[in-house]
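Engineer: what follows is a predicted structure for the sequence shown.
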Amino acid sequence: MQWATDTALLAGWVGMLLGVTSGAIIGIFFHREDWMGGYGSFRRRMTRLGHIAFFGMGLLNILFALTIKAHPIPETAARPAAILFVAALATMSLCCFLTAWRKSPFRHFFFIPVGTSGTAIVLLLLNWNPS
């Protein structure tokens, strides 16, 4: 289970760094009213969502690591759940940024981060063992 904890913690903090970095990059242009079609445009909203998704999915990875540290689950569930949470982190922001770039067909790929994070949560809950 140590591998799952270490992997989720590292991925979570990498997600935080990516959130800060992407925010700094897109923040350069936020002062322009017409950037990406204006504040309420689909492209700009999806770009902001991609930036925030790094933080959200990073936090989910960190919470998973802290949870299995406090309430260990079997390695047979911890390892796949950690991999699924990392996959969710990697794909959620990617889906957001790609959808901002080309709405179709990329908007149809959100089932990947949603499915991976949902499956990881189910694995955690099914193997929950409160002490």
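Structural biologist: Sure thing, it's come through.
Engineer: give the buried residues for stretch 66-83.
Structural biologist: Buried residues in stretch 66-83, defined by neighbour count with 16 or more other Cβ atoms under 10 Å: T67, I68, I73, A77, A78, R79, A81, A82, I83. For glycine as for every other residue, the C-beta is placed from the backbone atoms N, C-alpha and C.
Engineer: quick one: contacts of the helix or strand bottoming out on mean pLDDT in the chain?
Structural biologist: Ranked by mean pLDDT, DSSP states H and E, the weakest helix or strand in the chain is helix 103-106, scoring a mean of 92. Residues outside helix 103-106 that contact it (Cβ atoms under 8 Å, 6 or more residues apart in numbering) are F42, C95, L98, T99.
Engineer: where's the strand or helix carrying the second one relative to the chain centroid, distance-wise?
Structural biologist: Going back to what we said before, that points to C95. Following DSSP states H and E, one finds C95 within helix 75-101. Relative to the centre of its chain, helix 75-101 is centred 6 Å away, using Cα atoms, centre = their mean, to the nearest Å.
Engineer: what's it packed up against?
Structural biologist: If you count contacts as 3 or more Cβ pairs under 8 Å, 6 or more residues apart in numbering; DSSP states H and E, helix 75-101 packs onto helix 2-27, helix 42-70, helix 103-106, helix 111-126.
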